[in-house]
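Undergrad: what's the 3D shape of this:
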Amino acid sequence: MAGSEKPAQAPRLSTDFLNRFIEALMLIELSASDDSVIDDLRRWQGVGYREHFEGSALRCAADALAAYDGIDPARRRAFEEVCRSMTRLVATVNALLAETPRPAEFPMIVEVAGEAMRKLISRSAQFINADGAIDIATFDDAALQSRIDALLAR
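TA: Model prediction:
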């Protein structure tokens, strides 16, 4: 039946990319009490959204890249800056781990770094789930929640 075909769904961004940063968060938090994860944390490499999906065997990779290409360039750059910030945060924790002896305040630093990483991951997830339709650099979590609540009330 020619007239009953569903229109193709627009490509969407994928949160699979954030798994890399979630892994880094887990390693950061464990590093305060478990030295066995330090080598894993030191080997961790940050990559961009595009690089992640260009090297991915996931079925959604092509759609995730197509959706990424469709995002407003300024919003895409702001998202990439948030991702670079997460990568720099991991590098900072690694630099502190390399200090001998480890700073006495290291557990507190890990707590603060973990909290910052969770916030950046959350902002990134919101950006991805909105398919880049929000400005990650300026959006307000409360305003976003209000928009979600309004959508659900329909």
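
Undergrad: May I see the buried residues of the longest helix along the chain?
TA: Using DSSP state H, we find that the single longest helix of the chain is helix 73-98. Within helix 73-98, the residues scored as buried using 16 or more other CB atoms under 10 Å are 75-76, 78-79, 82-83, 86-87, 89-90, 93-94, 96-97. Bear in mind the C-beta positions are built from the backbone N, C-alpha and C, glycine included.

Undergrad: of all those residues, which two lie farthest apart?
TA: Across those, the longest distance by CB to CB is 33.8 Å; it joins 75 and 97.

Undergrad: Whatever helix or strand comes next after the longest helix of the chain: how far from the chain's middle?
TA: Using DSSP states H and E, the helix or strand that follows helix 73-98 in sequence is helix 106-129. Relative to the chain's own centre, helix 106-129 is displaced by 9 Å; criterion: CA atoms, centre = their mean, to the nearest Å.

Undergrad: Which strands and helices lie in contact with helix 106-129?
TA: If contacts are counted by 3 or more CB pairs under 8 Å, 6 or more residues apart in numbering; DSSP states H and E, helix 106-129 sits against helix 19-31, helix 73-98.

Undergrad: let's go with 10 Å and repeat that
TA: Contacts defined by 3 or more CB pairs under 10 Å, 6 or more residues apart in numbering; DSSP states H and E place helix 106-129 against helix 19-31, helix 61-69, helix 73-98, helix 141-153.
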